[in-house]
Each structure stands twice: as C-alpha cells, then as structure tokens.
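**Student:** Just to be clear, the model below is a prediction. Sequence and coordinates:
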Amino acid sequence: MANDLNQCNFIGRVGRDPEVRYAASGTAVASFSLAVNNEYKGEKKTEWVNVVCFGKLAEVVGEYVTKGKQLYLSGRMQTDKWQDKQGNDRYTTKIITQTVQFLGVPTTTKSDTESHRNERRMTEEEYRAANDEHIPF
C-alpha cells in the first residue's frame, strides 16, 4: 500500500511582514500570511493561508520577505487544536513550509529598502524588458 501524501503548493502575495522569533533551542521560526486568489464562475475569492518556516529558511524569509511580495510555497498542512478562554475547542490550520521561491521583480532586504527609500525603483515592466535580452533562446 502506498504512503500518504501531505503536500501543499501555493502562489500568492504576502499579507503581512513575517514575524521571526526563536525557540528555546535557538531555532528560528518565521510566520506570516499569504493571500491566494481563486476565481470560480466569475467570482473572485481570496483565501488566507497561515505559513510557518523553521531554521535557516525562517531566517532568509525574515530578511527578504515583505508584505506584497509574490511567492511560491511548498510544504505540508498541519492543524493544531487548542482551547479558547471559554474552554471551547478551536482549530488553526497552517502550512509548514519546506520551499520558498521568490516570484516577480527581485527582492531587496528590509535594510536595503529602508536605507534607499528615495531611490527610484525599476517597474516590473522595465525589469522584464531589461532581462529579456539575456534569454539565450
């Protein structure tokens, strides 16, 4: 009998800057939300995906991922059960991410963005036009 498969893939935009914290063991943990759009019968709907990264990936995400960036994520789904103040069972579903790929215009670090606020940024169209010349086929 085949093994089970728990794998999720998403392309979406970051809904909030990642929050990076460190576990008692020293492992970095980053969490953020991802907005994933879907259209069905002409109606658009946005699903919000809770994302968690660990270790070196969490550190990279904390440095380079900012609100609005488009990402491809691959990971596994995990649902946690907890109780609210009234003792009611609640559930939170999140994606434990194993792969993050940056899509669109190249990213800068948060410190680069802060120190160069007044610089003119290349638009996505300008970036694509400039890089189309380097495609070998």
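**Tutor:** On my side now, so go ahead. Numbering: from 1, shown residues only.
**Student:** okay, CA-based contacts and neighbour counts for the rest of this
**Tutor:** Noted.
**Student:** can you pull out the helices in this structure?
**Tutor:** Ranges of helices in the chain, per DSSP state H, are 55-64, 110-115, 124-132.
**Student:** Just the mean pLDDT for the last one, thanks.
**Tutor:** On average, the pLDDT along helix 124-132 is 51.
**Student:** what do you get for the second one?
**Tutor:** Helix 110-115 comes out with an average pLDDT of 53.
**Student:** can you check the first one too?
**Tutor:** Mean pLDDT, helix 55-64: 94.
**Student:** Take it, keep the C-alpha atoms, and write them as CSV.
**Tutor:** This file holds the C-alpha atoms of helix 55-64, laid out as CSV (Å, rounded to 0.1, in the frame of the first residue of the first chain):
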residue,chain,number,x,y,z
GLY,A,55,15.6,27.1,10.7
LYS,A,56,17.7,28.8,8.0
LEU,A,57,14.6,29.1,5.8
ALA,A,58,12.9,31.2,8.6
GLU,A,59,16.0,33.5,8.8
VAL,A,60,16.0,34.0,5.0
VAL,A,61,12.3,34.7,5.0
GLY,A,62,12.7,37.2,7.8
GLU,A,63,15.4,39.0,5.9
TYR,A,64,13.9,39.1,2.4
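**Student:** got the buried residues for that helix?
**Tutor:** Buried positions in helix 55-64, judged by neighbour count with 16 or more other CA atoms under 10 Å: 57-62, 64.
**Student:** dump the residue contacts of the nearest residue to Asn9 once chain neighbours are set aside.
**Tutor:** Leaving aside its chain neighbours, Asn9 sits nearest to Ser74 (4.5 Å; criterion: CA to CA, 6 or more residues apart in numbering). Applying CA atoms under 8 Å, 6 or more residues apart in numbering to Ser74 gives the contacts 7-10, 97-100.
**Student:** Show the buried residues in these.
**Tutor:** 10, 97, 100.
**Student:** The last one is in contact with Gln70, isn't it?
**Tutor:** Read that as Val100. No. Between Val100 and Gln70 there is no contact under CA atoms under 8 Å: 10.4 Å.
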